[in-house]
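[1] Structure here, sequence nowhere to be found:
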């Protein structure tokens, strides 16, 4: 989801990132609350211009694993996992890396979900956000990632949401079930 005053940022991202991977929702700051609520259960990434700081966007990012990418200086009240970019090129590169990265046999699916090496697709915004932001993490309680942990455990995937040394939540490799220390 992209929030900007003019719509130019969303249009540039539509042309600057892999089209088959991104569904770009464009909203003005006054439309942000409605656009956010249209993303079920929440948008896993929100891109915004400096100055286009919708309170609903910050509120959802403090409650859910939403990657925040700001072109310009982010607001002081933004969560610690917010990324700031001085140029559109660096912002687009970050978004492309998030869309196309892989970790532990997982990668974002086309449009929605996480594709596994097994061929299975798993839907879940928290897991999508963890895969996209890896190896970085979120400034949120670990409990916000329970759905991702359960989805990975059910499929026997040796990765889980875990606290890092700074107290953030990252996607970390775990020992396979039954492995001896």
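    Alright, I've got the coordinates. Here the structure is a predicted model, which is why all the values come from computation and not from measurement.

[2] now the strands for this structure?
    2-3, 26-27, 45-49, 67-71, 83-85, 102-103, 106-108, 114-116, 121-122, 159-163, 169-173 (DSSP state E).

[3] Could you pull up the contacting residues of residue 99?
    With contact taken as Cβ atoms under 8 Å, 6 or more residues apart in numbering, residue 99 is in contact with 17, 18, 21, 22, 108, 132. To be clear about C-beta, it is placed using only N, CA and C from the backbone, and glycine gets the same treatment.

[4] just residue 2 next, same as before
    9, 10, 13, 24, 25, 26, 27, 46, 47, 48.

[5] With residue 98 instead?
    Contacts of residue 98 (Cβ under 8 Å, 6+ apart): 45, 67, 108, 132, 133.

[6] Is it possible to get JSON lines of those that adds neighbour count?
    Shown next, in JSON lines, are the contacts of residue 98 (neighbours: other Cβ atoms under 10 Å):
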{"residue": "45", "neighbour count": "22"}
{"residue": "67", "neighbour count": "23"}
{"residue": "108", "neighbour count": "22"}
{"residue": "132", "neighbour count": "24"}
{"residue": "133", "neighbour count": "24"}
